[in-house]
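**Q** need a 3D model of the sequence below.
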Amino acid sequence: MKAAIIGGGAAGLTAAIFAARTDSDAEITVFEGNGRVGKKLLSTGNGRCNLTNAAVSVKNYATHEPELLEIALDGHGPGFVRNFFAGLGIPLTAEEDRLYPRSMRANSVADALRFECDRRKIKTVTNTKIGATGFDGGGFTVKGEVFDRLCLACGGKAAPSLGSDGGGFALAESFGHKVYTPYPSLVRLKTETGERDLKGLRVRARARAVVRGETLREEVGEVQFAEGGLSGIPIMQLSSLFQGNMVIVLDLLPELDFAAALDGLLTLADTVGDLPLPEFMGGYFHKALTRRVCRRCGLSADLPVNGMTVNDMKSFVRAAKSMEFRIVGTDSWSHAQTTRGGVDLREIDPRTMESRLVPGLYFAGEILDVCGDCGGFNLHWAWVSGARAGESMVKR
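**A** Alright, predicted model coming up:
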């Protein structure tokens, strides 16, 4: 039995390893466009390779078919990933819920996968882009060679410099599969106002994604103001929800409700009330951010606090807890960490990753309509979908 896997990233290498482990006589070939397999892995987790998350669940993913994703993830939690890498000589260590290799080096993960491929006699063909394949009902032709099974693990469109150019979507469509329009995800959001005056500032805040008055999701953490928009983990988590008419609402005092925030500032005013607001609020956030809040609620930033009325202070607190930023787009694919959209899960058997349209065709990883949060969720999906595809394609 001969199987071809297009894509030598996390999902493709996992599929190859599980296929070879399941059938040691199978001939497995991995085709990779880059000069080496596992290249994109080296950039994950800031070079530390966040392999999975102890709290992984369906709610951590954006997909049109959460019920099917739940079936695919069933029985393959963080313990599965821990065991897989323990078998490769990579023990894991935790930072909160995020799990990393004990070495804290993405290189060690890529090397372990590559060594296992060598050990299992898996053939890797690098510097080879696959623009088209043939299928005659009995086999798949890749680069003039006929294979019994084919797995598309080509990735999405994020980070094209690392090899993800979206070509896998065209291959999927050539087999008749529906592809939801891909969008950049885990990426900076562009705002209407540009935020030039706040560039470089960071603040702990609660960020809410609001569309037509409805809050779709909220995240708490460090928000960063960048040239042209908003960044930071809370914003990147919300980026998968981007659509027209989206507004990000920031609560700059997330640890306090309105009454507690107002009471705290009124109490503080009794001791340092002679200061203007930007200096008065210096213990909470940067002066430039205070000036922005003042403009939003129509207060002069030069006004000393003891010259403000209680209603003025209420207006300031209200504005600080509900700063609105109209979102006009996302940053480019080159800055995105992953892809939202992809091959429709309804056309895939979630237990085997086999196409429901073309027998012998399998899918794994980012090419599918599964987009995870920051924190190891996308790599978790790569390991799980790759393992399911690899085992199934040689058992079938």
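
**Q** domains of this structure?
**A** Taking automatic domain parsing as the domain assignment, the record places the domains of the chain at 2-185+338-395, 188-330.

**Q** turn the ones you listed into a markdown table, including mean neighbour count.
**A** C-beta coordinates here come from the backbone N, C-alpha and C atoms, glycine included. Supplementary listing: these in a markdown table, determined by neighbours: other Cβ atoms under 10 Å:
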| stretch | mean neighbour count |
| --- | --- |
| domain 2-185+338-395 | 20 |
| domain 188-330 | 17 |
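
**Q** reformat those domains as TSV; add mean pLDDT.
**A** Listed next are these as TSV, based on pLDDT from 0 to 100:
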stretch	mean pLDDT
domain 2-185+338-395	96
domain 188-330	93
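
**Q** who does the longest helix along the chain touch, helix- and strand-wise?
**A** Among the elements of the chain assigned as helix by DSSP state H, the one spanning the most residues is helix 377-395. Here helix 377-395 is seen to pack against helix 10-22, strand 52-53, helix 66-73, helix 78-86, strand 149-152, strand 361-363, strand 371-372 when contacts are counted using 3 or more Cβ pairs under 8 Å, 6 or more residues apart in numbering; DSSP states H and E.

**Q** which one of the ones you listed lies nearest to Ser332?
**A** Nearest to Ser332, of all those, is strand 371-372, at 16.9 Å by Cβ to Cβ.

**Q** strands paired with the closest one, and their directions?
**A** According to DSSP bridges, strand 371-372 has the following sheet partners: strand 61-62 (antiparallel).

**Q** hmm, back to that, for the longest helix of the chain, the distance to its chain's centre please.
**A** The chain centre lies 18 Å from the centre of helix 377-395; the measure is Cα atoms, centre = their mean, to the nearest Å.

**Q** please renumber the chain so that the first residue is 41 from this point on.
**A** With the count now opening at 41, the last piece we talked about shows up as helix 417-435.

**Q** show me where the stretch 91-240 of the chain has helices.
**A** 106-113, 118-126, 146-159, 207-214 (DSSP state H, counting those that start in this stretch).

**Q** and the angle from the first one to helix 417-435?
**A** Direction vectors for helix 106-113 and helix 417-435, defined by axes from the mean of the first three to the mean of the last three Cα atoms, to 10 degrees, enclose an angle of 70 degrees.

**Q** can you list contacts of helix 106-113?
**A** Residues from elsewhere that reach helix 106-113, judged by Cβ atoms under 8 Å, 6 or more residues apart in numbering: 96-98, 101, 103, 385-386, 388, 390-391, 393, 410, 421, 424-425, 428.

**Q** widest-spaced pair of those residues?
**A** Put simply, by Cβ to Cβ the two of the contacts of helix 106-113 set farthest apart are Val96 and Arg386, 22.5 Å from each other.

**Q** could you pull out the strands for the stretch 241-390 of the chain?
**A** All strands of the stretch 241-390 of the chain, identified by DSSP state E, counting those that start in this stretch, fall at 242-251, 254-266, 269-271, 286-291, 363-370, 378-383.

**Q** strand partners (parallel or antiparallel) of the first one?
**A** If you go by DSSP bridges, strand 242-251 pairs up with strand 254-266 (antiparallel), strand 286-291 (antiparallel).

**Q** what does the fifth one give?
**A** The partner list of strand 363-370 in its sheet, established with DSSP bridges, is strand 229-231 (antiparallel), strand 286-291 (antiparallel).
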